[in-house]
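1. could you work out the structure for the sequence below:
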Amino acid sequence: AVVPPAPRGAACPGPALRGGARPRAGLGAPPPRADPPTAALCNAAAAHALDFDAISFAVSGFVGSGAIAALAALADAVGPVPGRDVVTAYCLGWEAAAALGRGVNPLHYAKGWHPTATLGLFAAAGSACRLLGLDAGRTAAALSVAVSEASGVKTMIGNMLNPFHVGTAARNGVVAARLAANGFDGNPTAFEADQGFLNLFNGPGDFDARRIVDGLGHQWDLVDPGPVVKIYPCCGLVHSGLDALLGLRDEHGLTGADVQGVTVRVHEYVPRVMHVQDPSTGYAAKFSIPYCAAAALVDGRVDLATFDAVRPELVEWSRRVRVEVHPELAGGSTFFGNEFTEVELETASGRLVRRVNRMENRGTGDRLAAPELQAKLADCFRHGGVDGDPVAAWDTVLSLDGDGAFALWELAGAARSTPAAESPHVTPGEEPAP
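-> Just a heads-up that it's a prediction; the model follows:
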């Protein structure tokens, strides 16, 4: 691409928007190459495409996939980077987004913004700044650039824009950090200004700026409450309900044929997100409470194969499912951290059985080694046609926080079942050669 000369006294954005003479960032494994922003976009969107990545309660959304895609793209582009530096940058980026989340949520979420995009962007930008070694002034400049790129509304959840939001968060975070590294400036009061992020996205008086800064350096979202690591590859708002449904199925020895009616009582925010009644694609089915409930009760599982395609028999069975707002679950104070789902089954014999489950946090402490997580990784391997040892792969992931060079694509490539041919270079606007 030809980049015109910058006006006198202005920083040229060109170096931040391209990767040099040849694309240098990995795109998949083994990777074709792309410029870092494009690689970050594609890899982040792909990482969220199955809706199987981890959630931050504070953000009320996903920040990890965008941050790691941004870091992988930059690590590829700048050369060998110690794994510990990447992990540190990832953690600080996550915490930056969580701090913002504490100050703007739950209203930010309730207003219809998609925090995965609007706040996840700052995880990617903050992570990228740390990895590039930017000082406080340059980091502030990058975050001000990111403010101008923040976007994403929840009405796009359940369609292709959903994973694309994660991709744009990663891409824009990389661009913001690279622009700042090249001397690009923005308004240093972009968050708190009258026409800044907080007032525009939440509204005057509808945020708590003190909560954003008070916990910095001693309140760690990754530790308490920790990330919610998904066990089911569908919208996280139904996970506590799926736990309850599967628990009742096991406890009472039920099958789908034994159940003639299901009532799922959820928080008032949930139906506006999980709004799909009759899914036409496997992806849309991830955002359908009736379909997910039908899969749990008919199949006794909800895994990646559940959403390979829409099954007409599950759509038909899902007519037995009624979704209601629980009378105790209204407003932001009962959302996410305090949220639960109540399910009630009516059996063919007329018996009613009921269970209440809270959204479990499966991401911290000794729960990292839980059999559920091993099973999740094995399911991912099966779904991707990977002939590898998920336990060994998990151990490799846990060893990334060390002095060795960060090599995400070597890890992914080693797990592939078959070697791939040399991949072409990819530049924005170009299709790879067949």
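
2. show me what contacts residue 271?
-> By Cβ atoms under 8 Å, 6 or more residues apart in numbering, residue 271 lies in contact with 289, 323, 325. Bear in mind the C-beta positions are built from the backbone N, C-alpha and C, glycine included.

3. tell me which element the closest residue to residue 103 other than its chain neighbours falls in.
-> Excluding the flanking residues, the one nearest residue 103 by Cβ to Cβ, 6 or more residues apart in numbering is residue 212, at 3.7 Å. Taking DSSP states H and E as the definition, residue 212 sits inside helix 209-214.

4. only C-alpha atoms, please: export stretch 81-91 in PDB.
-> C-alpha atoms of stretch 81-91 as PDB (Å, rounded to 0.1, in the frame of the first residue of the first chain):
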ATOM      1  CA  VAL A  81       9.900 -12.500  23.000                       C
ATOM      2  CA  PRO A  82      10.200 -14.400  26.400                       C
ATOM      3  CA  GLY A  83       7.000 -16.200  27.300                       C
ATOM      4  CA  ARG A  84       7.000 -14.500  30.700                       C
ATOM      5  CA  ASP A  85       6.800 -11.100  29.000                       C
ATOM      6  CA  VAL A  86       3.800 -12.200  26.900                       C
ATOM      7  CA  VAL A  87       2.000 -13.600  30.000                       C
ATOM      8  CA  THR A  88       2.700 -10.500  32.000                       C
ATOM      9  CA  ALA A  89       1.400  -8.300  29.200                       C
ATOM     10  CA  TYR A  90      -1.700 -10.400  28.900                       C
ATOM     11  CA  CYS A  91      -2.500 -10.200  32.600                       C
END
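
5. could you pull up the residues touching residue 165?
-> With Cβ under 8 Å, 6+ apart, residue 165 has these contacts: 114, 116, 117, 120, 152, 156.

6. burial of the closest residue to it other than its chain neighbours, as a residue count?
-> Sequence neighbours aside, residue 117 is the residue nearest to residue 165 in space, at 3.8 Å (criterion: Cβ to Cβ, 6+ apart). Residues near residue 117, counting by other Cβ atoms under 10 Å, number 27.

7. got the contact list for residue 322?
-> 261, 262, 263, 264.

8. just send those residues back as CSV, with pLDDT and secondary structure too.
-> Shown next, in CSV, are these (pLDDT from 0 to 100; DSSP: H, G, I helix; E, B strand; the rest coil):
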residue, pLDDT, secondary structure
261, 97, strand
262, 98, strand
263, 98, strand
264, 98, strand
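
9. any quick PyMOL command for the buried ones out of these?
-> Applying 16 or more other Cβ atoms under 10 Å to the contacts of residue 322 leaves a buried subset, and the PyMOL line that selects it is:
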select buried, resi 262+263+264
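
10. which among the contacts of residue 322 gets closest to residue 160?
-> Nearest to residue 160 among the contacts of residue 322 is residue 264, at 26.5 Å by Cβ to Cβ.

11. right, and that closest one touches residue 289 too?
-> Yes - judged on Cβ atoms under 8 Å, residue 264 makes contact with residue 289 at a distance of 5.7 Å.

12. identify the contacts common to those two.
-> 238, 241, 321, 323.

13. narrow those to those in strands?
-> 321, 323 (DSSP state E).

14. show me which pair in the shared contacts of residue 264 and residue 289 is furthest apart.
-> Distances among the shared contacts of residue 264 and residue 289 were taken as Cβ to Cβ; the most separated pair is 238 and 321, at 11.0 Å.

15. which one of those two is surrounded by more residues?
-> Neighbours were counted for residue 238 and for residue 321 using other Cβ under 10 Å; residue 238 has more, 28 against 22.

16. show the contacting residues for that one.
-> Taking Cβ under 8 Å, 6+ apart as the test, what residue 238 contacts is 232, 264, 266, 270, 274, 289, 292, 293, 341.

17. now do the helices in the stretch 1-150 of the chain.
-> 14-17, 36-48, 64-78, 83-104, 107-110, 115-118, 120-132, 136-149 (DSSP state H, counting those that start in this stretch).

18. could you tell me the angle between the longest one and helix 64-78?
-> It stands for helix 83-104. Helix 83-104 and helix 64-78 meet at an angle of 140 degrees, taking axes from the mean of the first three to the mean of the last three Cα atoms, to 10 degrees as the criterion.

19. which strands and helices sit next to helix 83-104?
-> Here helix 83-104 touches helix 64-78, helix 120-132, helix 197-201, helix 209-214, going by 3 or more Cβ pairs under 8 Å, 6 or more residues apart in numbering; DSSP states H and E.

20. residue ranges in the stretch 101-250 of the chain under the pLDDT threshold?
-> Counting by pLDDT under 70, the stretch 101-250 of the chain contains no low-confidence range.

21. pretty sure residue 309 is in a strand, no?
-> No - remark: residue 309 does not belong to a strand; assigned using DSSP: H, G, I helix; E, B strand; the rest coil, it is coil.

22. ok, it to residue 407 distance?
-> Distance check for residue 309 against residue 407: by Cβ to Cβ, to the nearest Å, it reads 35 Å.

23. give me the number of residues near the spatially closest residue to residue 85 that is not a sequence neighbour?
-> The shortest distance from residue 85 to any non-neighbouring residue, by Cβ to Cβ, 6+ apart, is to residue 131 (6.5 Å). For residue 131, the neighbour count with other Cβ under 10 Å is 23.

24. was I right about residue 131 contacting residue 76?
-> No - judged on Cβ under 8 Å, residue 131 makes no contact with residue 76 at a distance of 11.4 Å.

25. the more surrounded of residue 309 and residue 407?
-> residue 407 (19 against 10).

26. check what pLDDT that one gets.
-> On pLDDT, residue 407 comes in at 72.

27. distance of the residue nearest the centre of the chain relative to residue 325?
-> The residue lying closest to the centre of the chain (Cα atoms, centre = their mean) is residue 62, at 2.9 Å. When distance is defined by Cβ to Cβ, residue 62 is 24 Å away from residue 325.

28. do residue 162 as well
-> 23 Å.

29. who has more neighbours out of these two?
-> residue 162 (24 against 14).

30. where does the closest residue to residue 356 other than its chain neighbours fall, secondary structure wise?
-> Once flanking residues are discounted, residue 356 sits nearest to residue 342: 4.8 Å by Cβ to Cβ, 6+ apart. Assigned by DSSP H and E, residue 342 falls within strand 340-347.

31. equivalent analysis for residue 353, please.
-> Element membership of residue 353, judged by DSSP H and E, is strand 352-358.

32. which stretches of the stretch 301-434 of the chain have low pLDDT?
-> 336-337, 360-370, 409-434.

33. all the helices of it, residue numbers only.
-> 312-317, 371-383, 390-398, 408-414.

34. coming back round to it: list the buried residues in the strand holding residue 353.
-> Buried residues in strand 352-358, counted by 16+ other Cβ under 10 Å: 355, 357.

35. ok, now stretch 168-188?
-> 168-182, 184, 186.
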